[in-house]
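In: here is a sequence with its predicted model. Questions after.
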Amino acid sequence: MRTDFCSDIGRGFSSWFRHQDSKTNRFRLVFFRLSASYDEGLQIHVVLAEIMLKNLFADLPTDPRSESFDNLLEVPGLRIERIVSFGQASPPDFWYEQEHDEWVLVLQGAASLQVDGQDALVCLQPGDHYWLPAGLKHRVASTDPSGPTIWLAVHR
């Protein structure tokens, strides 16, 4: 199967196509942009990304002693991952201070975040989401110990 989409961007042309391998059900996404200028000549930028279409609740890890991080899609400027936690939390006195923005959504289970400068914990239940702008110090205070907490995290 192949799908094409084309659009004009600035002085160039960009497009993407998707191809599905019928044996493995694996998709390949190819993004490209053609641009031309008097100074730099013709430039072609190509990015190849492979994703496996599957259900976010399928193939959950079975070892509750470790947290799981699965990249679902990674292209320049964007990474989407599924995180599965089984009662894990950030180590004491450890704080994330990331160079990129992150948006998190709890799909199943529960979690609480400690955000620098806020007295109250941010408590997340299924369907709750939270924006963590770049540079915001935060940590995972807790996740549900009675079962998997499934997160969707979008990084940009």
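Out: Structure received.
In: what's the end-to-end length of stretch 69-86?
Out: End-to-end span of stretch 69-86 (Cα to Cα, to the nearest Å): 12 Å.
In: low-confidence ranges, the protein, go.
Out: 1-53 (pLDDT under 70).
In: so it: which segments form each domain?
Out: 2-52, 68-155 (automatic domain parsing).
In: first-to-last residue distance for the longest one?
Out: Meaning domain 68-155. The first and final residues of domain 68-155 sit 16 Å from each other (Cα to Cα).
In: next: stretch 142-149.
Out: For stretch 142-149, the end-to-end distance is 10 Å (Cα to Cα).
In: ok, and what's touching stretch 113-127?
Out: For stretch 113-127, the surrounding residues in contact (Cβ atoms under 8 Å, 6 or more residues apart in numbering) are 95, 104-112, 130, 132, 136-141. Yep, even glycine has a C-beta here, placed from its N, CA and C like the rest.
In: what about 7 Å?
Out: For stretch 113-127, the external contacting residues (Cβ atoms under 7 Å, 6 or more residues apart in numbering) are 95, 106-108, 110-112, 130, 136-141.
In: then stretch 147-156?
Out: 56-57, 60, 77-86, 100-111, 143.
In: so which pair among the contacts of stretch 113-127 is furthest apart in space?
Out: Maximum pairwise distance in those, criterion Cβ to Cβ, is 26.6 Å, between 108 and 137.
In: tell me which of these two has more neighbours.
Out: Just comparing residue 108 and residue 137: by other Cβ atoms under 10 Å the higher neighbour count belongs to residue 108, 17 against 13.
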